[in-house]
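> coords please:
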Amino acid sequence: MQVFPEFFLDMIPRRFFSKDNLETLQFTQKMKLENGNEIQQRFNLVKKMVDILIEQGIEQPTKLQVQSIKFIQHTPYQNFGILAPAGAGKTMVYLISVMQRAYDNRHNQYLILEPTKLLAEQVYKNVKIVGDALGLKTAVYIKAVDIPAVNLLPNVIVSTPGMAKQMLKVHFISKNIGIIVLDEIDVIIKSSGLIDQYLQVLRSIKLGAQVLLFGRDLNKEEKDRINVAFDNPTIVDNSKEMMEVVSDTTREHIIIYDNEEDKNLSFRKLVNALQANIKTIVFARTNEIAFWLYEQVKTQPKIALLSKDYQLDYQSEIGNVGLGDKMLGIIDRFRDSKTMIMIATDIMAVGINISDLILVVNYDMPLNEHKELDNSIYNRRNGRVARFGKSGHVVNFIREDEFEKITQSILNDHVILNEIDVIENIGNFVQYLIGIYMEFNGKKQRGKLPFEYQEP
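Now for the predicted structure:
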């Protein structure tokens with residue numbers, strides 16, 4: 001059984017340990033901190049770090065964040081992890097923990113591993129902001145040209161596991177690692193190739209590194225594998241409790257279709273009605289379908305396609321760069337609202353944070369090999385909205401003969417969700433969204449569209 005430090009137990013609900021050594025804690029409520037001194041005291045942080053947090057608007061951490069950071073800081077250091085939905089603030093936990101430790105002890109390096117280049121680049125942006133303010137050297141290693149000068153080894157590194165292995169071989173990552181963060185552990189554990197790469201990295205560094213694990217949820221078998229692979233870490237499993245909170249802020253809707261032609265017509269009606277007024281991600285099952293959908297609506301304003309297999313004319317605005325950089329550029333343009341509707345595959349469902357995203361459209365529902373709803377992927381997609389307590393909407397395209405089975409699966413997985421709306425009129429639905437979210441001439445407009453809606 002894992003043992004929590006006494007200070008940790010004093011401030012959490014007393015819950016029982018499950019058979020697989022995972023404790024369930026409810027830390028969904030926010031903790032309002034009145035000033036920088038209180039933040040500094042709660043987190044035991046250097047003053048510069050507090051100033052950065054306040055500047056970035058981090059003034060209301062959750063209890064999950066506060067107690068997790070304290071646990072990570074507590075000596076002797078123990079391996080630790082959090083399972084929680086997207087938007088729960090997991091990134092802030094490891095970012096604060098790693099940067100504070102790196103500031104206090106610059107003799108070690110600190111390594112954050114992400115499963116994809118896109119995630120590594122996104123996380124590194126935050127690492128660099130904090131690192132620059134604290135006077136720390138930081139680096140992102142996702143391709144060979146990232147190799148640094150020997151005399152400028154960074155304090156904090158963000159990398160993919162494959163690139164980290166190469167950098168360890170040539171000593172650009174030392175074996176003296178203070179903390180190693182394994183992000184998206186639920187994605188990693190499902191891929192034998194990925195988990196092997198992570199374990200190879202761990203075997204290449206000296207014993208004593210604190211391992212921090214972060215992900216959404218794990219089944220019993222996956223938890224057992226985690227315990228064996230990472231020396232029985234203490235894992236706070238908050239995935240189910242916080243999923244109820246996320247479900248409470250996400251409204252789900254359904255467009256029922258009879259055949260593929262009907263489905264595509266409804267999709268074009270939806271995009272036409274949106275008119276680039278609502279920031280939206282459309283999920284397709286394959287790159288081919290995503291590209292086909294883009295071709296159907298590309299004359300509409302501010303439409304983007306994220307695909308590794310297709311090159312588009314608007315990408316030339318990003319410059320003559322590699323494919324990975326182009327994809328990052330496309331995401332940045334979407335984040336900056338230069339594009340407003342993104343058509344993509346599940347590459348956008350893992351860890352990509354778009355803070356003002358309002359709508360997720362599942363053009364293709366994620367189904368497993370048994371033609372049943374894959375709730376893990378479904379929740380990842382929908383986790384792009386309703387982050388950090390904000391509200392969001394999800395539209396699912398469901399064939400009429402699959403309606404009952406899929407909707408029942410959604411309801412069974414979301415305890416707090418007790419109804420799903422069926423969209424009868426797409427124009428009215430978009431009008432409803434705009435009435436809630438869009439501001440025109442300084443005030444919210446309800447009851448009419450800011451444009452003339454026409455059937456495509």
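> list the contacts for residue 198?
The neighbours of residue 198, taking CB atoms under 8 Å, 6 or more residues apart in numbering as the test, are 113, 161, 182, 188. Where C-beta positions appear, they are placed from N, C-alpha and C, glycine not excepted.
> Looks to me like residue 305 is in a strand.
Yes: the assignment for residue 305, made by DSSP: H, G, I helix; E, B strand; the rest coil, places it in a strand.
> Please report how far it lies from residue 253.
Distance, residue 305 to residue 253, using CB to CB, to the nearest Å: 24 Å.
> How about the residue sitting nearest the centre point of the chain, nearest residue that isn't a chain neighbour?
Closest to where the C-alpha atoms of the chain average out (CA atoms, centre = their mean) is residue 351, at 2.5 Å. In this structure, residue 351 finds its nearest non-sequential neighbour in residue 119, 4.5 Å apart by CB to CB, 6 or more residues apart in numbering.
> again, but for residue 174
For residue 174, the spatially nearest residue (CB to CB, 6+ apart) is residue 109, at 5.3 Å.
> Hmm, the one you found is touching residue 154, no?
Yes: taking contact to mean CB atoms under 8 Å, the distance of 7.0 Å between residue 109 and residue 154 places them in contact.
> shaky segments in the stretch 1-150 of the chain?
Confidence mapping of the stretch 1-150 of the chain against pLDDT under 70 gives the ranges 1-45, 54, 56-61, 86-87, 144-150.
> Show me where it has its strands.
22-23, 80-83, 109-113, 138-141 (DSSP state E, counting those that start in this stretch).
> just the stretch 151-300 of the chain next, same as before
Going by DSSP E, counting those that start in this stretch, the stretch 151-300 of the chain shows strands at 156-159, 177-183, 210-215, 234-237, 250-257, 280-283.
> Pull up the pairing partners for the last one, direction included.
Meaning strand 280-283. On the basis of DSSP bridges, the sheet neighbours of strand 280-283 come out as strand 341-344 (parallel), strand 359-362 (parallel).
> one step back: quick one, which of residue 109 and residue 154 is more surrounded?
Set side by side, residue 109 and residue 154 show more neighbours around residue 109, with 24 against 21, by other CB atoms under 10 Å.
> roughly how far apart are the more buried one and residue 160?
Taken as CB to CB, the spacing of residue 109 relative to residue 160 amounts to 16 Å.
> One more: residue 382?
Distance check for residue 382 against residue 160: by CB to CB, it reads 26 Å.
> Those two - which one has more neighbours?
residue 382 (25 against 22).
> And the pLDDT at that one?
Reading off the confidence values, residue 382 has pLDDT 84.
> and the gap between it and residue 262?
24 Å.
> what's the burial count for residue 297?
Using other CB under 10 Å, residue 297 is surrounded by 18 other residues.
> For it, which residues are in contact?
With the criterion set at CB under 8 Å, 6+ apart, residue 297 makes contact with 267, 268, 271, 272, 303, 341, 343.
> I'd like those as a markdown table, with neighbour count and distance to residue 78 appended.
Shown next, in a markdown table, are these (neighbours: other CB atoms under 10 Å; distance: CB to CB, whole Å):
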| residue | neighbour count | distance to residue 78 |
| --- | --- | --- |
| 267 | 24 | 49 |
| 268 | 17 | 54 |
| 271 | 23 | 50 |
| 272 | 17 | 54 |
| 303 | 23 | 48 |
| 341 | 26 | 45 |
| 343 | 29 | 43 |
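> Next, count neighbours for the nearest residue to residue 420 once chain neighbours are set aside.
Closest residue to residue 420 apart from its sequence neighbours, by CB to CB, 6+ apart: residue 252 at 4.9 Å. Look at residue 252: counted by other CB under 10 Å, it has 21 neighbours.
> right, and residue 252 touches residue 421 too?
Yes: with contacts counted by CB under 8 Å, residue 252 reaches residue 421, the gap being 7.2 Å.
> ok, residue 208 to residue 164 distance?
Residue 208 sits at a distance of 18 Å from residue 164 (criterion: CB to CB).
> what about the two, which has more around it?
Ranked by neighbour count (other CB under 10 Å), residue 208 and residue 164 place residue 164 first, with 27 against 11.
> Quick check, residue 133 in contact with residue 50.
No: counting by CB under 8 Å, residue 133 does not reach residue 50; the two are 10.8 Å apart.
> Settle it for me: which of these two has more neighbours?
When residue 133 is set against residue 50 and neighbours are counted by other CB under 10 Å, the residue ahead is residue 50, at 21 against 14.
> That one and residue 251, how far apart?
For residue 50, the distance to residue 251 under the criterion CB to CB works out to 36 Å.
> tell me the contacts of the closest residue to residue 231 other than its chain neighbours?
Spatially, and ignoring its direct neighbours in sequence, residue 231 is nearest to residue 79 (5.8 Å; CB to CB, 6+ apart). Remark: with contacts taken as CB under 8 Å, 6+ apart, residue 79 is in contact with 210, 211, 212, 213, 230, 231, 232, 233, 234.
> Angles on the backbone of residue 79, please.
Per-residue torsions, residue 79: phi -60, psi 140 (degrees, to the nearest 10).
> Against residue 366, how distant is it?
Between residue 79 and residue 366 the distance is 31 Å, computed by CB to CB.
> Was I right to think the residue nearest to residue 351 contacts residue 349?
No: counting by CB under 8 Å, residue 119 stays clear of residue 349, with 11.4 Å between them.
> who's in contact with the spatially closest residue to residue 134 that is not a sequence neighbour?
Using CB to CB, 6+ apart and skipping the chain neighbours, the partner closest in space to residue 134 is residue 103 (5.0 Å). Neighbouring residues of residue 103 by CB under 8 Å, 6+ apart: 46, 48, 49, 134, 136.
> For the stretch 301-450 of the chain, give me the ranges with low pLDDT.
Along the stretch 301-450 of the chain, the model assigns pLDDT under 70 to residues 308-325, 386-390, 413-419, 436-450.
> how about the strands in it?
Counting by DSSP E, counting those that start in this stretch, the stretch 301-450 of the chain forms strands over residues 303-306, 341-344, 359-362, 392-399, 421-422, 439-440, 443-444, given from the N-terminal end onward.
> Of the contacts of residue 103, grab the buried ones for PyMOL.
Selection of the buried residues among the contacts of residue 103 in PyMOL, burial being defined by 16 or more other CB atoms under 10 Å:
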select buried, resi 49+134+136
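> Inside helices: which ones of the contacts of residue 103?
Cross-referencing the contacts of residue 103 against helices under DSSP state H gives 48, 49, 134.
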